[in-house]
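[1] Predicted model follows, preceded by the sequence.
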2 protein chains.
Amino acid sequence: MRTRFAENLDSLSGDLASMCRLSVTAMSEASDALLQADLELAEHVIDVSGELDDAAAHWEKRAFALLALQAPVAHDLRFMVGGLHISADLHRMGGLAVHIAKIARRRHPDHVVPDEVLDVFTEMGAVAVAQARETEQVLQHRDPERARGLLTADEAMDDLHRSLFTITQAEDWPHGVQSAVDITLLGRFYERFCDHTVEIGRRVIFLETGSLPEQ
Amino acid sequence: MRTRFAENLDSLSGDLASMCRLSVTAMSEASDALLQADLELAEHVIDVSGELDDAAAHWEKRAFALLALQAPVAHDLRFMVGGLHISADLHRMGGLAVHIAKIARRRHPDHVVPDEVLDVFTEMGAVAVAQARETEQVLQHRDPERARGLLTADEAMDDLHRSLFTITQAEDWPHGVQSAVDITLLGRFYERFCDHTVEIGRRVIFLETGSLPEQ
């Protein structure tokens, strides 16, 4: 028979996966809003971001109650401590998606992303969403082997990020400083979003195996 | 008589303040390296950043052992949970100082900061260091009233950050795209550094009073 405590842990674990789904949706919609200069979608991402704020706060409150009442040890304690970090990472991922949506909103009806970097941002959005979807699966199944895959999959994002600098800093960049500044910030937000998925991968490995991979 | 557990908590608390001192030094030196295009100092910031990595990992390991062995509740549990977040914030603050030092190193012997924004960056460095010093005091004394001061003191940083955009995006900005991109990233690193001190202020209020202020 499952104990009440085990049920609580399962529920907390499932909630991390649900929070990750919210960040997948936020990033997917923010990327679409950016690429299509879709104001309504950008505003939707910003409007619903409170859901992830609330979910993260609620997660932490429940984890705290469980720590106080059940005093877990070993694997269960690692899950709670790791989960606190993971919840903070997921929360931040949602925040980064909101930052992207806000740049799309600020420049509307102009397109933020000029043709020269449209492919790069299309790819960055796809990588970010794919990496967040994989993170959701890792959280769902708490599989350390699969989590290890998250640790290297952000290299594609790093390459894309570097290519942005090459393009905007070329002599013949035709769109001026404001556009380059927007692109720099956007690139940074996508890169950081993926950094958090890597961090979650490390945490899942820690909570399942007891050792934290090097950064 | 102080219990062994209380001594351990005091030691963990003191270690958060020590980690904060490392981040003060890192930010102070990174800012000097940036403003003076001082390669040696930039490399020093980068070389010693492992100290803060190690301190954060060590902090978490000890907190974990104490959670497992002592099963703290109420205030002591809030301290442990809050401390895990604070340790992560301090670690990240060190990382942001390293990012600043790396930009100074990449452009050496050129100055990254042109005259037009020298005052802004001088002020950003001063605000960041002052805010981190105040954070160290807040951690040392765990004073929720003083922590409340951290929550608003980053407004000065936000104003400085906004002024960078105004200057680099003006029609007559003479330094081109690469300089504007560097300045954008630097501005973001300073702003995020201060965001983490605000987050630490919120956490100290939570661990001392049991309620987390709104973001």
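    The structure has been received and is ready for your questions.
[2] CA only for contacts and neighbour counts going forward, please
    Will do.
[3] So which residues of chain A form helices?
    Taking DSSP state H, the helices of chain A run over residues A:4-36, A:39-47, A:49-70, A:74-107, A:118-141, A:144-153, A:155-168, A:176-209.
[4] Measure how far the last one is from the centre of its chain, please.
    Mean-position distance between helix A:176-209 and its chain equals 7 Å (Cα atoms, centre = their mean, to the nearest Å).
[5] What pLDDT is listed against the nearest residue to residue A:82 once chain neighbours are set aside?
    Once flanking residues are discounted, residue A:82 sits nearest to residue A:203: 5.6 Å by Cα to Cα, 6 or more residues apart in numbering or on different chains. pLDDT recorded at residue A:203 is 96.
[6] Can you name the residues that contact residue A:203?
    Contacts were defined as Cα atoms under 8 Å, 6 or more residues apart in numbering or on different chains; by that measure residue A:203 touches A:82, A:83, A:85, A:86, A:212.
[7] dump the residue contacts of the third one.
    Residues counted as contacts of residue A:85 (Cα under 8 Å, 6+ apart) are A:200, A:203, B:85.
[8] ok, the residue nearest to residue A:82 to residue A:210 distance?
    10 Å (Cα to Cα, to the nearest Å).
[9] what do you get for residue A:120?
    For residue A:120, the distance to residue A:210 - Cα to Cα - is 38 Å.
[10] where does the closest residue in space to residue A:63 that isn't next to it in sequence land on pLDDT?
    Spatial nearest neighbour of residue A:63, excluding adjacent residues (Cα to Cα, 6+ apart): residue A:80 at 6.5 Å. We have a pLDDT of 94 for residue A:80.
[11] I'd assumed residue A:62 was in contact with residue A:80.
    No - at 10.1 Å, residue A:80 does not count as touching residue A:62 under the criterion of Cα atoms under 8 Å.
[12] of the two, who's got more company?
    Counted by other Cα atoms under 10 Å in any protein chain shown, residue A:80 and residue A:62 do not tie: residue A:80 has more neighbours, with 23 against 14.
[13] That one and residue A:201, how far apart?
    From residue A:80 to residue A:201 the distance is 15 Å (Cα to Cα).
[14] same deal with residue A:175?
    38 Å.
[15] which bits of chain A sit near chain B?
    A:64, A:67-68, A:71-74, A:77-78, A:81, A:85, A:168-169, A:176-178, A:180-181, A:184-185 (Cα under 8 Å from any Cα of the partner chain).
[16] ok, now which ones touch residue A:198?
    A:150, A:151, A:152, A:154.
[17] Find the least confident helix or strand in chain A, judged by mean pLDDT.
    Using mean pLDDT, DSSP states H and E, the weakest-scoring helix or strand in chain A turns out to be helix A:144-153, at a mean of 92.
[18] ok, residues contacting that helix?
    In contact with helix A:144-153 (Cα under 8 Å, 6+ apart) are residues A:131, A:134-135, A:138, A:197-199, A:201-202, A:204-205, A:208-209.
[19] nearest spatial neighbour of the residue nearest to the spatial centre of chain A, skipping sequence neighbours?
    Closest to where the C-alpha atoms of chain A average out (Cα atoms, centre = their mean) is residue A:93, at 3.5 Å. Closest residue in space to residue A:93, ignoring its immediate chain neighbours: residue A:193 at 5.2 Å, by Cα to Cα, 6+ apart.
[20] same thing with residue A:109?
    In space, residue A:109 comes closest to residue A:37 once its chain neighbours are excluded; the distance is 6.5 Å by Cα to Cα, 6+ apart.
[21] Residue A:206 now?
    Residue A:206 sits nearest to residue A:212 (Cα to Cα, 6+ apart), 4.6 Å away.
[22] where do the contact lists of residue A:203 and residue A:210 overlap?
    With Cα under 8 Å, 6+ apart as the test, residue A:203 and residue A:210 reach no residue in common.
[23] Tell me how far residue A:22 lies from residue B:70.
    Residue A:22 is 36 Å from residue B:70, where distance means Cα to Cα.
[24] Would you mind telling me which of those two has more residues around it?
    Using other Cα under 10 Å, the more surrounded residue of residue A:22 and residue B:70 is residue A:22, with 23 against 12.
[25] how about the more buried one, what does it touch?
    A:52, A:94.
[26] Can you get me a residue count around the nearest residue to residue A:77 once chain neighbours are set aside?
    Distances taken as Cα to Cα, 6+ apart place residue B:68 nearest to residue A:77, at 7.2 Å, with adjacent residues excluded. Applying other Cα under 10 Å, we find 16 residues neighbouring residue B:68.
[27] now residue A:60
    So residue A:60, with other Cα under 10 Å, has 20 neighbours.
[28] Pull the residues that contact stretch A:113-120.
    Against stretch A:113-120 from outside (Cα under 8 Å, 6+ apart): A:34, A:35, A:121, A:160, A:163, A:164, A:167, A:175, A:179, A:183.
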